[in-house]
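1. quick check, what structure comes out for this input:
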Amino acid sequence: MTMRGEETRGFQSEVKQLLHLMVHSLYSNKEIFLRELVSNAADAADKLRFCALSKPELFEGNSDLYVRIAINKEKRTLTLTDNGIGMYRNEVIENLGTIAKSGTKAFLKSMSGEQLKNNHLIGQFGVGFYSAFIVAYKVTLLTRAAGAKINEGVYWESTGEGEYTLADIEKINRGTEITLYFREGEDDFLDEWYVRKVISKYSDHIALPIEIETKDEKNNLFKWEKINKATALWKRNKAEINDTEYKEFYKYITHDSSDPITWSHNHVEGTQEYTSLLYIPSKAPFDAWNRDSKQGLKLYVQRVFIMDNVEQFMPNYLRFVRGLVDSNDLPLNVSREILQDSRITQNLRTSLTKRSLQMLEKLAKDDQEKYDQFWKEFGLILKEGPATDQANQQILAKLLRFSTTYSADTKQSVSLDDYLHRMQKDQDKIYYITADSFAAAKSSPHLEFFRKKNIEVLLCFDRIDEWMMNYLINFHGKTFQSVSKEDESLNKLTDEKTIEQKETEKAFGPFIERLKNLLNNRVKEVRLTNRLTDTPAILTTDSNEMSTQMAKLFTAAGQNVPEVKYIFEINPQHLLIKRVTEIEDEKLFSEWIELLFDQALLAERGTLEDPNQFIHRMNGLLIKSLVK
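-> Residues are numbered from 1 along each chain as shown. Okay, the predicted model is just below:
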């Protein structure tokens, strides 16, 4: 083999670290490398099929695609060959020399302690090719892009020590050939029957012939023997597919070594014919919250791979769903623009969204433990749904999980159905509170009345909750009500005013007027309340006023927010309030009211504009009380 333009390059620093881990760390399942390399080869074939739809000359007169494996016991090598799309020199550098396509940096950040033994991380972070160095002390790669000239082949070689060699070569056949030179002690992978077993375990479902070189001892001839079923799993009858096959197919299309939580396989006929195979992962990927990351389903048309990461088939709040859809109604020359504007695509999106939600409903009903696991991983993402998908809001509401005053636990495990079953007889609303943390929500003075009346309240403390709850209108005819907002319906839950209460209101009339004059335009209203038991005063907002938590969200987003006008509610039964009403000195009275107002503001917002002034005022009043 003649090589031209030979050069030695250094791996990007993160890749050097990764290769060191591959070589020197112990992995519980070394055979993972074979699955990764076969999957990469199958992807290369899929890409060629798609590109050849518009450029059939890329097949170079041979459209029979395959993956071939040859073992040489004398040289201690395994060679894996495909005749897929291949690579140009710049693509080899980009894909094998840098982290541009691999996510290696995130992989390295995740590796610590016992995690070094978790081989499933290889697939999770898309660094499958590098897994070859788990078993090999040297790896060579020969490749030529489909449609390129014979002399535009590329040679790549590395021992996994931080550098790689690159050269131009002549390569007659398109595609990629990878040769692994095994370390001592890796003899299992030189055994043909062991390799057959690994392929059967991980790659039997791949819709591409995987062939192994065998020797006819009688005639002293070598031949290629197919060792996988090479049928599209999603097109097979569900009754013929076992759970293991479904799980391995999930790992193949996602490069995730963890089993999925659940899946749904359906074939739909009628006005629109398609097959879908949808999975719910058991673990959220490291980039689940990165909206720029590629997410979505694989698209096939009549078993021909068309597109990866098709976002149009799922709403953004279901971006964690993995799988594929194979449609007979889309043209084979479909483009992204056509796909976005297609009525068929819109219908598919509606159907696949409904199917995904039904899958989650069934999981919640049949296996609470697995649904709790799902909610822990993807609950925050699903919470985006009620605000963006009005058509499925009731189904989504049923899937939501909350912490409540009933459970008093940070674990979000209470459904709205659970809440309705425990509602008071005369209760006509679902009450909730939003706060910055579980502790702040659980200890809020707004809950005192509800605890007294034994009324359950949803505790919402995720940042997205305020936004979500503003879009949740009702559930089974019951509307949602924030306990920090003014609500006339609460009057139905309070005791009718006694003569004593009426006399209290009359007696506190001058005090309330005194407060109004002092606070002036800083509050919308000052009034007495019977919603408190242990707290002297709270701040609430009018039903039409922006809530405190919503104002925080807008501020965090850099938007201008109008000042929230609060209602200052006073507890006439509290000893501190009774004592303050007796203060005649206006300056001292003002200090106490300012302190009570700041206390209420701190409880409502969690912060004060001038905390030092608050501390100074409180210390001053404490000193005066001690002097007396």
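2. which parts of the stretch 351-500 of the chain are strands?
-> 403-404, 429-434, 458-460, 474-475, 478-482 (DSSP state E, counting those that start in this stretch).
3. have a look at the chain and report the helix or strand with the lowest mean pLDDT.
-> Here the helix or strand of the chain ranked lowest by mean pLDDT, DSSP states H and E is helix 120-124, holding a mean of 40.
4. residues in contact with Ala537?
-> Counting by Cβ atoms under 8 Å, 6 or more residues apart in numbering, Ala537 makes contact with 568-571, 574, 577, 596-597, 599-600. (C-beta placed from N, C-alpha, C; glycine too.)
5. show me what it bridges to in the sheet.
-> When bridges are called by DSSP bridges, Ala537 pairs up with Ile570.
6. Thr79 is in what secondary structure piece?
-> Applying DSSP states H and E as the criterion places Thr79 in strand 77-82.
7. okay, now the sheet partners of that strand, with direction.
-> Looking at strand 77-82 with DSSP bridges, its partner strands are strand 67-72 (antiparallel), strand 175-182 (antiparallel).
8. could you export those to JSON lines, including columns for mean neighbour count, mean pLDDT and distance to Gly620?
-> Shown next, in JSON lines, are the strands paired with strand 77-82 (neighbours: other Cβ atoms under 10 Å; pLDDT from 0 to 100; distance: least, Cβ to Cβ, whole Å):
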{"stretch": "strand 67-72", "mean neighbour count": "20", "mean pLDDT": "96", "distance to Gly620": "80"}
{"stretch": "strand 175-182", "mean neighbour count": "22", "mean pLDDT": "96", "distance to Gly620": "77"}
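9. helix/strand/coil for Leu166?
-> Per DSSP: H, G, I helix; E, B strand; the rest coil, the local secondary structure of Leu166 is strand.
10. was I right to think it contacts Tyr88?
-> No - in terms of Cβ atoms under 8 Å, Leu166 does not count as a neighbour of Tyr88; the distance is 11.9 Å.
11. identify the contacts common to those two.
-> By Cβ under 8 Å, 6+ apart, Leu166 and Tyr88 have these common neighbours: Val154.
12. which of these two has more residues huddled nearby?
-> Leu166 (21 against 15; other Cβ atoms under 10 Å).
13. nearest spatial neighbour of that one, skipping sequence neighbours?
-> Among residues not flanking Leu166 along the chain, Glu7 sits closest, at 5.4 Å (Cβ to Cβ, 6 or more residues apart in numbering).
14. ok, now how distant is the one you found from Glu157?
-> Distance of Glu7 to Glu157, given as Cβ to Cβ, to the nearest Å: 12 Å.
15. and the helix or strand that contains Asn95, what other elements does it pack with?
-> Assigned by DSSP H and E, Asn95 belongs to helix 89-96. The criterion is 3 or more Cβ pairs under 8 Å, 6 or more residues apart in numbering; DSSP states H and E, and the helices and strands that helix 89-96 contacts are strand 136-144, strand 153-158, strand 163-169.
16. go again with 7 Å.
-> strand 153-158 (3 or more Cβ pairs under 7 Å, 6 or more residues apart in numbering; DSSP states H and E).
17. roughly how far is stretch 36-56 from the heart of the chain?
-> Taking Cα atoms, centre = their mean, to the nearest Å, one finds the center of stretch 36-56 at 28 Å from the center of the full chain.
18. quick check: buried residues in it?
-> Neighbour-count burial for stretch 36-56, counted by 16 or more other Cβ atoms under 10 Å, picks out 36-50, 52.
19. hey, C-alpha coordinates of it in CSV?
-> Coordinates of each C-alpha in stretch 36-56 appear next as CSV, following Å, rounded to 0.1, in the frame of the first residue of the first chain:
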residue,chain,number,x,y,z
GLU,A,36,-20.4,0.2,18.7
LEU,A,37,-18.3,-0.5,15.6
VAL,A,38,-21.1,-2.5,14.0
SER,A,39,-23.6,0.2,14.8
ASN,A,40,-21.3,2.8,13.2
ALA,A,41,-21.0,0.7,10.1
ALA,A,42,-24.8,0.3,9.9
ASP,A,43,-25.2,4.1,10.2
ALA,A,44,-22.7,4.5,7.3
ALA,A,45,-24.8,2.2,5.1
ASP,A,46,-28.0,4.1,6.1
LYS,A,47,-26.4,7.4,5.1
LEU,A,48,-25.4,6.1,1.8
ARG,A,49,-28.9,4.8,1.0
PHE,A,50,-30.3,8.2,1.7
CYS,A,51,-27.7,10.1,-0.3
ALA,A,52,-28.1,7.7,-3.2
LEU,A,53,-31.8,8.6,-3.5
SER,A,54,-30.8,11.8,-5.2
LYS,A,55,-27.3,10.6,-6.4
PRO,A,56,-27.6,6.9,-7.4
